[in-house]
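Student: What follows is a predicted structure for the sequence shown.
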Amino acid sequence: MSSMMPARVLLLVTSGTACLATAASALVGLFVEGPLTALILGIGTATGSIIGAFLVRRRAMAAHARARAAVMAHGYAEGIAQYVLLIVCNYEAAVFPRSGPHGVTPEERAARRADAYRIAAEEEVPHQVREAAAHVLAALDDGDHSRSVAAQAALIIAVHAHAKQLVPLPPGR
């Protein structure tokens, strides 16, 4: 079964509430004054409930759209931060190949370096991740393995810290 869309859920909740309010007011009118009062109260409550449901629906859908945009922006930044980590690790594998000093051609190393610098410099990359990636890339360019391992650990921590950040959602009203 597929999940319900927020607009459909909101429609079902507001229409259900309107029906319950209408039935309750009609029953009160029936017990207090009679069928004519029940009809008048039922129609009045139904009209008010429908107007209220439309007004609430617009505000709720606008708040949902703002919250969704905030979550999507955070998710994109999280994804690109993880991609920066991946591409930096890919460049590290070209600088220190496990298959020996001649395991990677200079052209491949240059291509991986260019990719790593290009991706790490993207505007959408969170600042702390970009800064940590710059330290790793500088250590890799210098060929310092111990410094690059420490900087890579700091990059992993920065990516993880960004992923754990709570998304600041805009207020609903």
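Tutor: Structure's in. What do you need?
Student: Give me the nearest residue to the residue nearest the centre of the chain, chain neighbours excluded.
Tutor: Per CA atoms, centre = their mean, the C-alpha nearest to the average position across the chain is that of residue 71, at 2.5 Å. Distance criterion CB to CB, 6 or more residues apart in numbering; nearest residue to residue 71, sequence neighbours excluded, is residue 167 at 5.3 Å. To be clear about C-beta, it is placed using only N, CA and C from the backbone, and glycine gets the same treatment.
Student: and that neighbour, helix, strand or coil?
Tutor: When classified by DSSP: H, G, I helix; E, B strand; the rest coil, residue 167 comes out as coil.
Student: gap between it and residue 83?
Tutor: Using CB to CB, to the nearest Å, one obtains 19 Å as the distance from residue 167 to residue 83.
Student: out of the two, which sits in the busier spot?
Tutor: Neighbours of residue 167 and residue 83, each counted by other CB atoms under 10 Å, are more numerous for residue 83; the result is 15 against 12.
Student: quick one: residue 129 and residue 104, what's the gap?
Tutor: In this structure, residue 129 and residue 104 are 25 Å apart, going by CB to CB.
Student: likewise residue 146?
Tutor: As for residue 146, its distance to residue 104 is 20 Å (criterion: CB to CB).
Student: okay, the two: which has more neighbours?
Tutor: Remark: of residue 146 and residue 104, residue 104 carries more neighbours, 16 against 8, as counted by other CB under 10 Å.
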